[in-house]
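> structure for this input, please:
(chains A and B)
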Amino acid sequence: ETGVTQSPTHLIKTRGQQVTLRCSSQSGHNTVSWYQQALGQGPQFIFQYYREEENGRGNFPPRFSGLQFPNYSSELNVNALELDDSALYLCAGTFSGGTNEQYFGPGTRLTVT
Amino acid sequence: GQQVMQIPQYQHVQEGEDFTTYCNSSTTLSNIQWYKQRPGGHPVFLIQLVKSGEVKKQKRLTFQFGEAKKNSSLHITATQTTDVGTYFCAGWAIYNFNKFYFGSGTKLNVKP
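Numbers count the residues shown, from 1 in each chain, chains lettered A, B, ... in the order given. Okay, here's the model as predicted:
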């Protein structure tokens, strides 16, 4: 397996609420990226963190925010949830100085009602 | 809108037939990566190409990166049922280093 875990596996939230998704990556994954994948579509890049600093961001509003911690874990926070936020959220770790291969976690399935 | 498109969206083949998916980006990419996602699974890295015109092979899979670094292709020879899944291309925009794009994907179904 990839050595990347995510929690929770599934989550149901109500519109307007806030959610925190967690990712635990392998030792040495200095870079972590988060993606949103709607059903039947390709993953959409939310942002990337390198050594606890955001260093890349896709076309997502500021209510999507993240944190990366020194122990190779990270969080994705989404405020003011909207129905369209329902999706699979994937995190991926990358070793620095390697092939840029991204190791994906199994994802968190978020449903907003 | 979608920056990286793939065609076809779906492909159904008989086991043993060949398969090709094409990836086209509206922006020049610094590299191209290919991933495979099985139904219900997460993307799994297959390969990365960096150089213009680069061709790489992995057993029955051949990957190509276009000269202009805006397109790529994945060709599978003699498909097997284990090839079933969705194939995505992905890469960093060369003029916008902080954005990473995944393609729309090609879903491959292989009939035994």
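
> count of neighbours near residue A:49?
21 (other C-beta atoms under 10 Å in any protein chain shown). Heads up, the C-betas are built off the backbone N, CA and C, glycines and all.

> list the beta-bridge partners for it.
residue A:32, residue A:54 (DSSP bridges).

> mind listing the strands for the chain?
As the question left the chain open, I've gone with chain A. A:5-7, A:10-13, A:19-24, A:31-37, A:44-50, A:53-57, A:64-68, A:73-78, A:87-94, A:103-104, A:108-112 (DSSP state E).

> I was after chain B.
So, for chain B - with DSSP E - the strands run B:4-7, B:10-14, B:19-25, B:32-37, B:44-49, B:55-58, B:61-65, B:71-76, B:85-93, B:96-102, B:106-111.

> output those strands in a markdown table; the columns should cover mean pLDDT and mean neighbour count.
As requested, those are exported to a markdown table (pLDDT from 0 to 100; neighbours: other C-beta atoms under 10 Å in any protein chain shown):
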| stretch | mean pLDDT | mean neighbour count |
| --- | --- | --- |
| strand B:4-7 | 94 | 20 |
| strand B:10-14 | 97 | 13 |
| strand B:19-25 | 97 | 21 |
| strand B:32-37 | 96 | 24 |
| strand B:44-49 | 95 | 18 |
| strand B:55-58 | 97 | 12 |
| strand B:61-65 | 98 | 20 |
| strand B:71-76 | 98 | 21 |
| strand B:85-93 | 94 | 24 |
| strand B:96-102 | 80 | 18 |
| strand B:106-111 | 97 | 18 |
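
> of all those, which one is nearest residue A:97?
Closest approach to residue A:97 among these is made by strand B:44-49 (13.8 Å; C-beta to C-beta).

> nearest to residue B:14, out of the strands of chain A?
Closest approach to residue B:14 among the strands of chain A is made by strand A:31-37 (29.2 Å; C-beta to C-beta).

> residue A:56: neighbour count?
A total of 18 residues lie near residue A:56 under the criterion other C-beta under 10 Å.

> and it, what pLDDT?
Each residue has a pLDDT score; the one for residue A:56 is 89.

> quick one on the thing from earlier: which of the strands of chain A has the lowest average pLDDT?
What stands lowest among the strands of chain A, in mean pLDDT terms, is strand A:53-57, with a mean of 91.

> skipping adjacent residues, who's closest to the residue nearest the centre of chain A in space?
With distances taken as C-alpha atoms, centre = their mean, residue A:34 lies nearest the centre of chain A, 3.1 Å away. Of all residues not flanking residue A:34 in the chain, residue A:46 sits nearest, at 4.3 Å (C-beta to C-beta, 6 or more residues apart in numbering or on different chains).

> what residues are up against the one you found?
A:33, A:34, A:35, A:36, A:57, A:58, A:60, A:64, A:66, A:76 (C-beta atoms under 8 Å, 6 or more residues apart in numbering or on different chains).

> contacting residues for the second one?
With contact set as C-beta under 8 Å, 6+ apart, residue A:34 has these partners: A:23, A:46, A:47, A:48, A:66, A:74, A:76, A:89, A:90, A:91, A:92.

> next, count neighbours for the first one.
By other C-beta under 10 Å, 28 other residues sit near residue A:23.
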